[in-house]
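Need a 3D model of the sequence below.
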Amino acid sequence: MEKVQYNGQNLRDFISKSTVFKHLTEKELDILPIEGGTDSYKRGAMIYEEGTRINGFFIVCKGIIKIFKTGFDGKDQIIRFAKPGDVMGFRSTITGELACTTTKTIEEAEIVYVPGELVRKYVMTNGNFAMDLLQIACLELGDANDYITDIAQKTVRERLAEVLIQLKWTFDLDRDNFLQISLTREELANIVGTATESVIRLLSEFKQDQLIEIFGRRIKILEEAKLIKISNMHY
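Numbering: from 1, shown residues only. As a prediction, the model looks like this:
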C-alpha cells in the first residue's frame, strides 16, 4: 500500500469541511494523525474484512468503496457505497464489536485512518461531533428498514429501478447523463438482492423500453420519472 503525500493544509481543509469531523475545534484538528497524508488503494483492494477488529474510522478522501456482507452461501449483499467525505467503520469503533461488513474499492481510493481512542475522545468531549455520528447511524438504520421492506414487498423489477435512481441521486450523472459510478452486472445484482441473470434481463427490458441506454458497464438514464414510477418509491 503506497503512501500518497498531500499538502497537509489541503487534507486538513478537506477533513474539516467535508466530513463528520467538521465540528472539531482547531485544537482537536491538531491531533488528527494526518501528517503522513492518505493511504492509497487500487481498484479491487480490500480495506477491512467482516469479522476482523478495526479499532478506528476510515475517512474516504477519494474514490468509491462498496460496503457489503457475505451470506452463508458465499454471495455478497452490497449494503451501501462510501464516497469522498464519508466515514467507514464507526459502528465497530464505537461499540467495540468486530467489523460487521467488508469494504472493497471499486475505483482507486485514498483514505485516512483515525484511531478509535481518538474518535471516542471526540464523542465524549464534542457534542456536535457526537450528534453527527448519531444522525449517520439513524440514516443507515432507516436505509436498512427500507431495504427490508423492499425485499419483502417489491418485485425485482421495482427494486432495480429504485437502485438506478438511488445511484443517480447519490453519484449524479455526467454531462452525457451516464451514472458517475461504473458497476458490474454482478454488483448491481448484489445491491438488488437477486441473481445476475435477472439483472441482465431487466436491464435489457429497460433498454428496450427506452428508459436507459447501456454501453458496457456505463448506464445512461433517459427517463428518470418513469423509473421512479416503476420503483414505487416514496420520497
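
quick check: domain ranges of the protein?
3-147, 154-231 (automatic domain parsing).

could you pull out the strands for this structure?
With DSSP state E as the criterion, the chain has strands at 3-4, 38-41, 46-48, 56-62, 65-70, 76-82, 87-88, 102-105, 109-115, 212-215, 218-221.

Contacts for the fourth one, please.
Same thing as strand 56-62. With contact meaning Cβ atoms under 8 Å, 6 or more residues apart in numbering, strand 56-62 is reached by 11, 14-15, 19, 21, 38, 47-48, 82-90, 93, 103, 108-116, 118-119. (Glycine included, C-beta is placed from N, CA and C.)

Which strands border that strand, and is each parallel or antiparallel?
Strand 56-62 sits in its sheet next to strand 87-88 (antiparallel), strand 109-115 (antiparallel), going by DSSP bridges.

Compare the domains of the chain and say which comes out lowest on pLDDT.
If you rank the domains of the chain by mean pLDDT, domain 3-147 sits at the bottom with a mean of 89.

and the residue nearest the centre of the chain, what does it touch?
Nearest to the mean C-alpha position of the chain, counting by Cα atoms, centre = their mean, stands F81 at 1.7 Å. Residues counted as contacts of F81 (Cβ under 8 Å, 6+ apart) are 64-67, 106, 170-171, 181.

Report the two of the residues you listed separated the most.
Distances among these were taken as Cβ to Cβ; the most separated pair is I67 and F171, at 14.7 Å.

packing partners for the longest helix seen in the chain?
Taking DSSP state H as the criterion, the chain has its longest helix at helix 127-153. Here helix 127-153 is seen to pack against strand 76-82, helix 90-95, helix 116-125, helix 156-171 when contacts are counted using 3 or more Cβ pairs under 8 Å, 6 or more residues apart in numbering; DSSP states H and E.

And it, how far out from the chain middle?
Helix 127-153 sits 13 Å away from the centroid of its parent chain (Cα atoms, centre = their mean, to the nearest Å).
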